[in-house]
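Asker: Need a 3D model of the following:
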Amino acid sequence: MPLLELHRVTKRFGGIVAVDNVSLEIDEGDAIGIVGPNGSGKTTLYNLISGVYFPDNGRIIFDGKDITFLPAHERTPLGLARTFQIPRPFGSASVRENVAIGAMFGRAKLDVESALDIADHYLSIVGIEKLAEKEAKLLTPLEKRFMELARALAMKPKLLLLDEVMAGMNPADVDRIIEVIRRVKDEERIAVVSMVEHLMHAITRFAERVVVMHQGKKLVEGKTLDVLNDPRVVEIYLGKRVV
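Answerer: Residues are numbered from 1 along each chain as shown. So this is what the prediction gives:
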């Protein structure tokens, strides 16, 4: 049974169809990239999966449970975590405390000390353990991205949605974050879905499968290089083939 199933999901905003009849299956341990031009429906699709929006039509099944109309805060304990393109930490709290909060609202029912221990573990994994006692508001934008990733991982998700987590990073930091994601995905059997704008280097290194969105529809889905070299994807999105 797939971990996540979207059955003919549609979302409208007035007369605009942002997500149009999309079906998708994600299995445990998958590494999937969601790509497409601006306005293609990627963010709305993420918001439907995470519970920010409810669909107008269709069903969403997570780990065998119908979550179509389940609020976002009730999806997190089931094992669904998400990062956001613009991190929003608790600014006056420490980095360690921010990550511990993620652990406390994740799948496990934890006391404070256990949550702090988990925070230490994931801060070390993402490589910012030296920043643990720093106030979150004092972090650089890049450091906030790594803290946001640690916080999401501390929730112990079954499915992790990454929203433009690598945007604006230099190639070395992109490689670093991909290595972290791949390591945790393999060790903990997390399914990871990453939304990416134009970092094809990141997609080809991370994703085993790619879904291309266009005008709210799923244009094509398949193995990464096959999809990125599909003539429709080249014409609509990339402009050139990916070797």
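
Asker: which one is V212 nearest to, not counting chain neighbours?
Answerer: Nearest residue to V212, sequence neighbours excluded (C-beta to C-beta, 6 or more residues apart in numbering): L219, at 4.5 Å. Glycine gets a C-beta too; all of them are placed from N, C-alpha and C.

Asker: mind listing what the one you found touches?
Answerer: Applying C-beta atoms under 8 Å, 6 or more residues apart in numbering to L219 gives the contacts 36, 212-213, 232-233, 236.

Asker: okay, the top helix by length along the chain in PDB with CA atoms only?
Answerer: When the chain is parsed with DSSP state H, its longest helix is helix 171-188. In PDB, the C-alpha atoms belonging to helix 171-188 read as follows (Å, rounded to 0.1, in the frame of the first residue of the first chain):
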ATOM      1  CA  PRO A 171      26.800  24.500  -4.900                       C
ATOM      2  CA  ALA A 172      28.700  23.300  -1.900                       C
ATOM      3  CA  ASP A 173      25.800  23.900   0.500                       C
ATOM      4  CA  VAL A 174      23.400  22.200  -2.000                       C
ATOM      5  CA  ASP A 175      25.600  19.200  -2.000                       C
ATOM      6  CA  ARG A 176      25.800  19.300   1.800                       C
ATOM      7  CA  ILE A 177      22.000  19.400   2.200                       C
ATOM      8  CA  ILE A 178      21.400  16.700  -0.300                       C
ATOM      9  CA  GLU A 179      23.900  14.400   1.500                       C
ATOM     10  CA  VAL A 180      22.000  15.000   4.800                       C
ATOM     11  CA  ILE A 181      18.600  14.300   3.200                       C
ATOM     12  CA  ARG A 182      19.900  11.100   1.500                       C
ATOM     13  CA  ARG A 183      21.500   9.900   4.600                       C
ATOM     14  CA  VAL A 184      18.400  10.300   6.800                       C
ATOM     15  CA  LYS A 185      16.100   9.000   4.100                       C
ATOM     16  CA  ASP A 186      18.100   5.800   3.800                       C
ATOM     17  CA  GLU A 187      18.600   5.300   7.500                       C
ATOM     18  CA  GLU A 188      15.100   6.100   8.600                       C
END
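
Asker: helices and strands of this protein: which one has the lowest mean pLDDT?
Answerer: None of the helices or strands of the chain scores lower by mean pLDDT, DSSP states H and E than helix 200-206, at a mean of 83.

Asker: If you count contacts, what does it end up packed against?
Answerer: strand 31-35, helix 171-188, strand 191-195, helix 224-228 (3 or more C-beta pairs under 8 Å, 6 or more residues apart in numbering; DSSP states H and E).

Asker: now these as JSON lines including distance to E25, mean pLDDT and mean neighbour count?
Answerer: Formatted as JSON lines, these follow (distance: least, C-beta to C-beta, whole Å; pLDDT from 0 to 100; neighbours: other C-beta atoms under 10 Å):
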{"stretch": "strand 31-35", "distance to E25": "10", "mean pLDDT": "93", "mean neighbour count": "25"}
{"stretch": "helix 171-188", "distance to E25": "17", "mean pLDDT": "88", "mean neighbour count": "15"}
{"stretch": "strand 191-195", "distance to E25": "11", "mean pLDDT": "91", "mean neighbour count": "23"}
{"stretch": "helix 224-228", "distance to E25": "16", "mean pLDDT": "90", "mean neighbour count": "19"}
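
Asker: closest to D117 out of those?
Answerer: D117 lies closest, by C-beta to C-beta, to one member of the helices and strands packed on helix 200-206: helix 171-188, at 16.2 Å.

Asker: And the helices in this structure?
Answerer: Secondary structure of the chain (DSSP H): helices located at 42-50, 72-75, 95-104, 112-126, 141-154, 171-188, 200-206, 224-228, 231-233.

Asker: export those to JSON lines and tack on distance to M1?
Answerer: As requested, the helices of the chain are arranged in JSON lines below (distance: least, C-beta to C-beta, whole Å):
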{"stretch": "helix 42-50", "distance to M1": "17"}
{"stretch": "helix 72-75", "distance to M1": "18"}
{"stretch": "helix 95-104", "distance to M1": "27"}
{"stretch": "helix 112-126", "distance to M1": "28"}
{"stretch": "helix 141-154", "distance to M1": "24"}
{"stretch": "helix 171-188", "distance to M1": "19"}
{"stretch": "helix 200-206", "distance to M1": "25"}
{"stretch": "helix 224-228", "distance to M1": "24"}
{"stretch": "helix 231-233", "distance to M1": "30"}
